[in-house]
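# Below are the sequence and a predicted model for it; my questions follow.
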Amino acid sequence: MLRAWINNYNKHLLGIAVGCAVTAFIGDWLFHVTSDYLLTRISCVIVFIIAMASKEGNKKLALKKKGLTPGDLRNIEFVKNWEVTRKTGLTKYCVVEGGLVTGIILFIPISVVAFFIVGLETILSNYRNLLAVSSVSLTIAYFIGVVIYYIRWQTNERRFMNLTDPLRLLS
């Protein structure tokens, strides 16, 4: 009910919320009601929520006029993005995006787990131990990233083919 009301009166409601936020800021600034501008912060959060609801309502209205659903929009965006990504090739996708990017992100939690398994005192006692644990963690993270992106490639290719294959509709 609230969402429908916001969608119907979003232009007026957003204007009123912005006006209240400006008034709260001026009141906080002039009268020093609170030293941390609490009223301004609260009103800014309210404006943000109303603006996001308004944007979502406008997007749904535009989709409804075109006869599309949010799922259709996700599929269209996926096909556009995947056409560009698949041109880079499987190897580059898995090695660069999976191995390097995701591997570096996974390196930190894998290293923390390895430090607990091996023991922090053992690792820090010798730089070779630290280097060995770090290199093993990095290798594991790299291969996990490659495997994850290989599986994602297969899944995305299947989805892409299902969405773009015109013969799929005939069978």
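Cool, the structure landed. Numbers count the residues shown, from 1 in each chain.

# and Tyr93, how many neighbours?
The number of residues packed near Tyr93 is 20, by other Cβ atoms under 10 Å. In this view, the C-beta of every residue, glycine as well, is placed from N, C-alpha and C.

# Likewise for Val136?
Neighbourhood size, Val136 [other Cβ under 10 Å]: 14.

# If we ignore the residues flanking it in sequence, what's nearest it?
Take Val136 and drop its neighbours on the chain: the residue closest to it by Cβ to Cβ, 6 or more residues apart in numbering is Ala114, 6.9 Å away.

# can I see the domain layout of this protein?
Following automatic domain parsing, the chain resolves into domains at 2-67, 71-169.

# can you tell me the average pLDDT over the shortest one?
Spelled out, it's domain 2-67. The average pLDDT within domain 2-67 is 68.

# If you count residues, where's the longest helix of this protein?
Using DSSP state H, we find that the single longest helix of the chain is helix 127-164.

# just to revisit the earlier point, quick one, what contacts the residue nearest to Val136?
133, 136-137 (Cβ atoms under 8 Å, 6 or more residues apart in numbering).

# and the helix or strand containing it, which residues are buried?
Secondary structure from DSSP states H and E places Ala114 in helix 103-118. Judged by neighbour count (16 or more other Cβ atoms under 10 Å), helix 103-118 contains these buried residues: 103, 106-107, 110-111, 114-115.

# pLDDT check: weakest of the residues you listed?
Phe115 (84).

# per-residue pLDDT, the residue lying closest to that residue once chain neighbours are set aside?
Leaving aside its sequence neighbours, Phe115 sits nearest to Ile123 (Cβ to Cβ, 6+ apart; 6.0 Å). With respect to pLDDT, Ile123 has a value of 80.

# Okay, and Ile123 sits in which element?
helix 120-125.

# likewise Thr40?
Short version, using DSSP H and E: Thr40 is in helix 38-66.

# What count of nearby residues applies to the closest residue to Trp29 other than its chain neighbours?
Excluding the flanking residues, the one nearest Trp29 by Cβ to Cβ, 6+ apart is Tyr37, at 7.9 Å. By other Cβ under 10 Å, the residues close to Tyr37 number 17.

# what's the answer for Lys92, then?
Lys92 - counted by other Cβ under 10 Å - has 12 other residues nearby.

# Secondary structure element for it, which one?
helix 90-92.

# ok, Thr85 - contacts?
93, 156.

# Give me the local confidence score for it.
For Thr85, pLDDT reads 92.

# Tell me the spacing between Val136 and Phe143.
In this view, Val136 and Phe143 are 11 Å apart by Cβ to Cβ, to the nearest Å.

# Kindly report the same for Ala53.
For Ala53 relative to Phe143 (Cβ to Cβ), the value is 44 Å.
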